[in-house]
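J.: this one's sequence-less:
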């Protein structure tokens, strides 16, 4: 039985996931330490090691992969969409088209503390579409005195 994807598709998928996951972990760790500094905790060597790993991965794999953006069947490896200025959502598609399922990811729109700018939904529609829906803030509940 043949698969609808090949080993190079798997490599593209894993490289994209590795790059995104390492970036997310590094950003999260940096923010956590910035919010809760500790005089004896430093993760700079670990963050530098992750950065060097990603650089080496790109250096080694770059020359052997001519098209990092598309799978062998033409589908994109990932789809990016701007939710609002300064905030982008990226969905990485699985190389096996049968494993990509529709779904919705939600979040709050960027706002200053105490403000509500509403929320967003990203609709994931295989094989390669993501759509953003911006929702307004919910109206504040007003209490009405009982008669």
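T.: Okay, I see it. Computed from a prediction, not measured in an experiment: that's the story for all the values here. Numbers count the residues shown, from 1 in each chain.
J.: In the longest helix anywhere in the chain, which residues are buried?
T.: Counting residues, the longest helix found in the chain (DSSP state H) is helix 7-35. For helix 7-35, the buried set under the neighbour-count rule, 16 or more other C-beta atoms under 10 Å, comprises 9, 12, 13, 15, 16, 22, 26. Any C-beta I mention is one placed from the backbone N, CA and C, and that applies to glycine too.
J.: what does stretch 104-113 give?
T.: Per 16+ other C-beta under 10 Å, stretch 104-113 contains these buried residues: residue 109.
J.: Repeat that for stretch 113-120.
T.: residue 120.
J.: how long is that stretch from one end to the other?
T.: The stretch stretch 113-120 measures 18 Å between its terminal residues, going by C-alpha to C-alpha, to the nearest Å.
J.: what's the answer for stretch 33-45, then?
T.: Stretch 33-45 has its terminal residues 14 Å apart, counting by C-alpha to C-alpha.
J.: Kindly report the same for stretch 33-48.
T.: Counting by C-alpha to C-alpha, the terminal residues of stretch 33-48 are separated by 15 Å.
J.: Report the mean confidence score over it.
T.: If you average the pLDDT over stretch 33-48, you get 80.
J.: Do a quick rundown of the helices in the chain.
T.: Going by DSSP H, the chain shows helices at 7-35, 44-61.
J.: who's in contact with the shortest one?
T.: With contact meaning C-beta atoms under 8 Å, 6 or more residues apart in numbering, helix 44-61 is reached by 11, 15, 18, 19, 22, 23, 25, 26, 29, 30.
J.: got the angle for that helix vs helix 7-35?
T.: 160 degrees (axes from the mean of the first three to the mean of the last three C-alpha atoms, to 10 degrees).
J.: buried sites along helix 44-61?
T.: Under 16+ other C-beta under 10 Å, the buried positions of helix 44-61 are 47, 50, 54.
J.: mind checking how far the last one is from residue 70?
T.: Summarising the geometry, the distance separating residue 54 from residue 70, computed by C-beta to C-beta, to the nearest Å, is 21 Å.
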